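Participant: Could you look at this predicted model? Sequence included:
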Amino acid sequence: MPDNVLFEGGAGETVRKKLMQNTDLHTILRLPTGIFYANGVKANVLFFDNREASPNPWTKEIWFYDYRTNIHHTLKKKPLRFEDLKDFIACYNPENRHLRTETWHDQDNPEGRWRKFSYEQIIARDKPAWMFSG
């Protein structure tokens, strides 16, 4: 999904809120430009579990992996390969995603790529581009 759906207002905000309400949106992998779309368009891979209708949002927290900062791929000369995603897979922890650990820390590791935000943190912002700008 392109950035504008996840991180901008208007229709994107409506889609984002519906997605968090009706699914357990638990992980977003932020990819550099040019991976799936035209050069300059930033893409995201969403991981979520569908749920039945509920008056309360299913999404409680969203984990973000920033595979953008200082990463460069092109479709022809340097395509994305499985090996490039090994760190993401380790952070994702497919064996038990409830036992994840952040690699981003404000003081200790501001370059860490893996961090989480609560539903409340995300909703508190009109445009949550603060999550990972760039």
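Facilitator: All right, it came through fine. Numbers count the residues shown, from 1 in each chain.
Participant: what comes up buried for stretch 98-115?
Facilitator: Going by neighbour count (16 or more other CB atoms under 10 Å), the buried part of stretch 98-115 is R100, T103, W104, R113, W114, R115. C-beta coordinates here come from the backbone N, C-alpha and C atoms, glycine included.
Participant: and which of those residues is nearest to G10?
Facilitator: The shortest gap between G10 and any of those belongs to R115, at 26.1 Å (CB to CB).
Participant: would you say that closest one is within a strand?
Facilitator: Yes. Counting by DSSP: H, G, I helix; E, B strand; the rest coil, R115 falls inside a strand.
Participant: residues in contact with the residue most central in space within the chain?
Facilitator: The residue lying closest to the centre of the chain (CA atoms, centre = their mean) is I28, at 2.3 Å. Taking CB atoms under 8 Å, 6 or more residues apart in numbering, we find I28 in contact with L6, N44, V45, L46, F47, I62, W63, F64, Y65.
Participant: List the buried residues in the helix or strand where the fifth one lies.
Facilitator: The reference is to F47. Assigned by DSSP states H and E, F47 belongs to strand 43-50. Under the neighbour-count criterion of 16+ other CB under 10 Å, strand 43-50 has A43, N44, V45, F47, F48 buried.
Participant: Let me see the residues that make contact with stretch 89-96.
Facilitator: For stretch 89-96, the external contacting residues (CB under 8 Å, 6+ apart) are T27, F47, W63, Y65, L99, R100, T101, T103, R113, W114.
Participant: can you put these in CSV and add distance to I89?
Facilitator: As requested, the contacts of stretch 89-96 are exported to CSV (distance: CB to CB, whole Å):
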residue, distance to I89
T27, 11
F47, 12
W63, 13
Y65, 10
L99, 14
R100, 12
T101, 14
T103, 13
R113, 12
W114, 11
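Participant: Pick the one among the buried residues of stretch 98-115 closest to K17.
Facilitator: Nearest to K17 among the buried residues of stretch 98-115, with distances taken as CB to CB, is R115, at 21.2 Å.
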